[in-house]
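Undergrad: Task: produce atomic coordinates for the following.
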Amino acid sequence: MKKIFFTPGPSQLFHTVSDHLKEGIKNDIFSISHRSIEFKKIYESCDYKLRSFLDIPENYNISFLSSANEIWERIIQNLVINSSSHLVNGAFSKKFYDFAIINKINAKEYYYDKVEYNINDIEEDELVAITLNETSRGIMCDSNKISSIRKKLNDSLIALDCVSGIPSIPFKVSDVDTFYFSVQKCFGLPSGLGVWIYNDRCIEKNKSISPKKITGTYHSLENLHKKSKIFQTPETPNVLAIFLLSRVLDDMMKIGRERIIRETNYKSALLYNTIKNHNLLSEYIKDQEIQSKTVIVSNTKKESEYFIENLKNKNLIIGKGYGSAQNQIRIANFPAHSKESIELLCDELTKL
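TA: Numbers count the residues shown, from 1 in each chain. Below you'll find the model as predicted:
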């Protein structure tokens, strides 16, 4: 049996990626100029499919960058002049806050330790950063909570980190002003591409900021947006990744987003049930309302290597706890993971 990667990202490739790679090589896609009509068609097609698949309204714009980490920096540079607020519930939301501090922004941190966001804490700010799914700790924020934050904050720009959540965890796009993701998790692609979606409010805010501070060079929002309007990027982009994303979007659209969400919920229920009934495992996040559907985190009574190595011997590759976390495992549940592969993993976990 081939290895199956349940690591939180990079993770298992979507099953059609190898065919799309062959198609790209056969048609010389990866040698074409990024200023050519051929590339513009690839960009335009990917843009159209993202809008269709994710229900992105017309007043939102799409730019391609290198990673979600880069997008953090672009958001801080281009959308904030003085202050931002960060709802922190794990390592990645904390890093976004840290980026703001490094950029000399008066950033405020609201820390939530394994509990859901409390909207009573949150006040209006230039930008409020929230996370759809915190990859490091397996905590998610559901659509209703995001909507309630939007209702409270009329003036703030809301930025949503969707890196390990989209398209498997639904939310209403119009509840946020900007959201972003990278492709190596739920989209089942190699790493190296970040997708930044931002609405016209962000464009207007950037116009007011640009005369007052440096907002970047090649990747200023002004430059990114200008190029996106003609389906180009400021620099030579990751043509391979944009092409593959476009093709995988075709595949996911055939499956249907509702089915992807439904199957994600089914598979996560299997995993959590297995953990609950295991003598050596326990849920890291106890509150079912905020348990991640896409990155399942479990405490282990034995060293995590016991589980990691035993499953590796079965060609089932799971992740360890994030950073310095000990006695913890993380299991990805992305669209690339079939129901059968999750059932197999649960069976093998039960034997340990």
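
Undergrad: pLDDT wise, what is the most centrally placed residue in the chain at?
TA: Centroid-nearest residue in the chain: residue 163, 0.9 Å away (criterion: C-alpha atoms, centre = their mean). pLDDT for residue 163: 97.

Undergrad: repeat for residue 207
TA: On the pLDDT scale, residue 207 gets 96.

Undergrad: give me the element the residue lying closest to it once chain neighbours are set aside is part of.
TA: Leaving out its chain neighbours, the residue that sits closest to residue 207 by C-beta to C-beta, 6 or more residues apart in numbering is residue 222, at 7.8 Å. Using the backbone N, CA and C atoms, a C-beta is placed for each residue, glycine as well. Using DSSP states H and E, the element containing residue 222 is helix 221-228.

Undergrad: tell me what that helix is packed against?
TA: Packing partners of helix 221-228 (3 or more C-beta pairs under 8 Å, 6 or more residues apart in numbering; DSSP states H and E): strand 60-65, helix 68-79, strand 194-199, helix 200-209.

Undergrad: so how far is it from its chain's centroid?
TA: For helix 221-228, the gap between its own C-alpha mean and the chain's C-alpha mean amounts to 22 Å (C-alpha atoms, centre = their mean, to the nearest Å).

Undergrad: May I see the buried residues of it?
TA: For helix 221-228, the neighbour count (16 or more other C-beta atoms under 10 Å) marks 221-225, 227-228 as buried.

Undergrad: Go ahead and name everything in contact with it.
TA: 47, 61-63, 65, 74, 78-79, 196, 198, 202-203, 206-207, 210, 215-217, 233-234 (C-beta atoms under 8 Å, 6 or more residues apart in numbering).

Undergrad: Mind giving me the ChimeraX command for buried ones among those?
TA: ChimeraX command restricting the contacts of helix 221-228 to the buried ones, with burial defined by 16+ other C-beta under 10 Å:
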select :47,61,62,63,65,74,78,79,196,198,202,203,206,215,216,233,234
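
Undergrad: Output the longest helix belonging to this structure.
TA: helix 257-276 (DSSP state H).

Undergrad: Which strands or helices does whichever helix or strand comes after it pack on?
TA: The helix or strand immediately downstream of helix 257-276 is strand 281-283, counting by DSSP H and E. In this structure, strand 281-283 makes packing contacts with helix 257-276, strand 295-300, judged by 3+ C-beta pairs under 8 Å, 6+ apart.

Undergrad: Quickly run through the sheet partners of strand 281-283, with directions.
TA: strand 295-300 (antiparallel) (DSSP bridges).

Undergrad: Now find how far off-centre the strand it pairs with is within its chain.
TA: With C-alpha atoms, centre = their mean as the basis, strand 295-300 stands 19 Å off its chain's centre.

Undergrad: Not counting its own residues, what contacts the helix or strand that comes right after it?
TA: Going down the chain from strand 295-300, the next helix or strand is helix 304-312, by DSSP H and E. Helix 304-312 is contacted from outside by 280, 300, 317-318, 320-321, 326-329, 345, 348-349, 352, using C-beta under 8 Å, 6+ apart.

Undergrad: Which of those fall in helices?
TA: Using DSSP H, the contacts of helix 304-312 in helices are 345, 348-349.

Undergrad: what about the residue nearest to residue 348 when sequence neighbours are not counted, how many residues close to it?
TA: Spatial nearest neighbour of residue 348, chain neighbours left out: residue 314 (5.4 Å); criterion: C-beta to C-beta, 6+ apart. Number of residues near residue 314 (other C-beta atoms under 10 Å) recorded here: 15.

Undergrad: then stretch 51-71 to PDB, C-alphas only?
TA: Output in PDB follows, covering the C-alpha atoms of stretch 51-71 (Å, rounded to 0.1, in the frame of the first residue of the first chain):
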ATOM      1  CA  ARG A  51     -15.400  32.700  -7.300                       C
ATOM      2  CA  SER A  52     -17.900  30.000  -8.400                       C
ATOM      3  CA  PHE A  53     -16.800  27.400  -5.900                       C
ATOM      4  CA  LEU A  54     -16.400  29.600  -2.900                       C
ATOM      5  CA  ASP A  55     -19.300  32.000  -3.700                       C
ATOM      6  CA  ILE A  56     -17.100  35.000  -3.800                       C
ATOM      7  CA  PRO A  57     -19.100  38.200  -4.600                       C
ATOM      8  CA  GLU A  58     -18.200  40.600  -7.400                       C
ATOM      9  CA  ASN A  59     -16.800  43.300  -5.100                       C
ATOM     10  CA  TYR A  60     -14.000  40.900  -3.900                       C
ATOM     11  CA  ASN A  61     -10.700  40.600  -5.700                       C
ATOM     12  CA  ILE A  62      -8.200  37.700  -5.900                       C
ATOM     13  CA  SER A  63      -4.400  37.900  -6.000                       C
ATOM     14  CA  PHE A  64      -1.800  35.100  -5.900                       C
ATOM     15  CA  LEU A  65       1.200  35.300  -3.600                       C
ATOM     16  CA  SER A  66       3.800  32.800  -2.200                       C
ATOM     17  CA  SER A  67       2.100  31.800   1.100                       C
ATOM     18  CA  ALA A  68      -0.400  32.700   3.800                       C
ATOM     19  CA  ASN A  69       2.600  33.900   5.900                       C
ATOM     20  CA  GLU A  70       3.400  36.500   3.200                       C
ATOM     21  CA  ILE A  71      -0.300  37.500   3.200                       C
END
